[in-house]
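>>> Have a look at this prediction, sequence included:
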Amino acid sequence: MHLGRTTLSKFLIQELDGSAQSRHLAALLVDVASAVKAISAMTAKGALAGVLGSLETENVQGEVQKKLDVLSNTAFVNTFQLGGLAAGLASEEMDDPVTVQGKTEGRFLVIFDPLDGSSNIDVNVSVGSIFSVIAAPEGRPPQPQDYLNPGREQLAAGYAVYGPATMMVITVGKGTHGFTLDREVGNFILTHPNIQIPADTSEFAINTSNERFWEPPVQRYVAECKAGKTDVRGRDFNMRWIASMVAEVHRILMRGGIFMYPRDMKDPSKPGRLRLMYEANPMGMVVEQAGGLASTGRSRILDVQPDQIHQRIGVILGSRNEVERVERYHREYDTGEDKQYTSPLFKERSLYQ
Ligand code: AFP
């Protein structure tokens, strides 16, 4: 593969087999890239495009919508409606999935977070878009339950990160590959083929303001990282928190790390902050295809059976050896092997079984 000359389209043609579904999947991913270019142009203009700030509306999550949330969602919906390959769409910004009207080959369902990290928009910090592609049902319009596939059944997944450069990182199940937008010609160029996440890391990402709400195994892991070489880890760690999952995951793909947004007691009614279908699952596929792991702390994210489109889940992902260590701490907590880390905050063990 020649760096600098391979466009996304050319890469997909070379990467995918010649089957009809592969050709359609490649065309769908080119449609995704088209929406990403439109969103990139809007974010790059910032205040000049009048796209900053919030609306009076809330999404199904009860979150105030940013103007760019809605504009980004519209960019994706319009692209897929024109592209004629998606049968149905589900989005963080839409209460329910929508069936694509008009002429469509209807081979795929696309589930997406059109603008992740939108609390960063007004302060000019990196944001992103996340997408997941699954097969549409044959010969009939999609129903809501058709979206509820475990993440391991995704046909493709990826994200765009609107940073100093706009990049797309995608997987079709054959590795994870990065493309950088050449704005002058409007093409995504292969710049990071076969990304591999280092198995070890000394960098963790978590919102430590939630520390008192975490389960003991997470408290244990983070306490050891903070203790650094004075304790069992024997080396110092660094911490990052950008409050934009896409930016955190991208950093981890580039240099390793572990990202955690675990289930916590801050709102016991919520089994996590991040959404399974359009954050955890697509990022889980991207990370696994790059040699990392994506876990709830107790199970592989891609094996979770969804029960509703906007459900939330705890997420621990990144460098394999660190994610495995956090999973081990969860096992030791659940079996009572780690007596000294049983915090009164979580005395109701059964809550997390
Ligand atoms: P927003 O899209 O509402 O900004 O949420 C972003 C996000 O879902 C994820 O991208 C971040 O990692 C996480 O939330 C940040 O959560 P905190 O604001 O609690 O740190």
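Now that the structure is in, tell me what you want to look at.
>>> Name the helix or strand for residue 259, please.
Taking DSSP states H and E as the definition, residue 259 sits inside strand 258-261.
>>> How about residues contacting that strand?
201, 203-207, 218, 245, 248-249, 252, 272-274, 314-319, 322-323, 326 (C-beta atoms under 8 Å, 6 or more residues apart in numbering). Where you see a C-beta, it was placed from the backbone N, CA and C, and this is true even at glycine.
>>> same deal with stretch 185-199?
Outside stretch 185-199, the residues touching it (C-beta under 8 Å, 6+ apart) are 1, 3-8, 11, 33, 37, 167-169, 175-182, 252-256, 287, 290-292, 318-321.
>>> Contacting the ligand as well, which ones from these?
For the ligand, no contacts are drawn from these by C-beta under 6 Å from any ligand atom.
>>> Emit the ChimeraX select command for whichever of those residues are buried.
Applying 16 or more other C-beta atoms under 10 Å to these, the buried members can be selected in ChimeraX as follows:
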select :6,7,8,11,33,37,167,168,169,176,177,178,179,180,181,252,253,256,287,290,291,292,318,319,320
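>>> Strands - which of the contacts of stretch 185-199 land there?
167, 168, 169, 177, 178, 179, 180, 181, 182, 318 (DSSP state E).
>>> Next up, the contacts around the first one.
Put plainly, it is residue 167. Contacts of residue 167 by C-beta under 8 Å, 6+ apart are 160, 161, 178, 179, 180, 181, 191, 192, 250.
>>> can you list the residues of the chain near the ligand?
Checking the chain against the ligand by C-beta under 6 Å from any ligand atom, the hits are 63, 116, 117, 118, 119, 207, 243, 244, 245, 261, 273, 274.
>>> Against residue 196, how distant is the second one?
What that stands for is residue 116. 23 Å (C-beta to C-beta, to the nearest Å).
>>> Of those two, which one has the most company?
Remark: of residue 116 and residue 196, residue 116 carries more neighbours, 28 against 13, as counted by other C-beta atoms under 10 Å.
>>> beta partners of that one?
Note on residue 116: beta-bridge partners by DSSP bridges are residue 128.
>>> wait, it sits on residue 242?
No. Between residue 116 and residue 242 no contact is recorded; they are 11.0 Å apart, counting by C-beta atoms under 8 Å.
>>> Which among the residues of the chain next to the ligand count as buried?
Of the residues of the chain next to the ligand, these count as buried by 16+ other C-beta under 10 Å: 116, 117, 118, 244, 245, 261, 273, 274.
>>> what sits against the second one?
By C-beta under 8 Å, 6+ apart, residue 117 lies in contact with 125, 126, 127, 128, 242, 243, 244, 245, 246, 247.
>>> surely residue 115 meets residue 67?
No. Under the criterion of C-beta under 8 Å, residue 115 makes no contact with residue 67, lying 10.0 Å away.
>>> Name the residue in these two with the higher neighbour count.
Between residue 115 and residue 67, counted using other C-beta under 10 Å, the more crowded position is residue 115 (32 against 19).
>>> Spell out which helix or strand contains the residue lying closest to residue 155 once chain neighbours are set aside, please.
Closest residue to residue 155 apart from its sequence neighbours, by C-beta to C-beta, 6 or more residues apart in numbering: residue 133 at 4.9 Å. Element membership of residue 133 [criterion: DSSP H and E] is strand 127-135.
>>> Past that strand, which element shows up next along the chain?
Following strand 127-135 in sequence, per DSSP H and E, is strand 156-162.
>>> That next one packs against which elements?
helix 20-45, strand 127-135, strand 166-171, helix 245-255, helix 281-289 (3 or more C-beta pairs under 8 Å, 6 or more residues apart in numbering; DSSP states H and E).
>>> For that strand, which strands pair with it and how are they oriented?
strand 127-135 (antiparallel), strand 166-171 (antiparallel).
>>> For residue 110, state which of the ones in strands among the contacts of stretch 185-199 is nearest.
Proximity of the ones in strands among the contacts of stretch 185-199 to residue 110 (C-beta to C-beta) peaks at residue 168, which lies at 14.7 Å.
>>> Please report the distance of that closest one from residue 116.
Residue 168 is 14 Å from residue 116, by C-beta to C-beta.
>>> Repeat that for residue 16.
26 Å.
>>> One more: residue 43?
12 Å.
>>> Please identify every residue contacting each of the two.
residue 127.
>>> Residue 27 reaches residue 80, doesn't it?
No. If you go by C-beta under 8 Å, residue 27 and residue 80 don't touch, sitting 11.4 Å apart.
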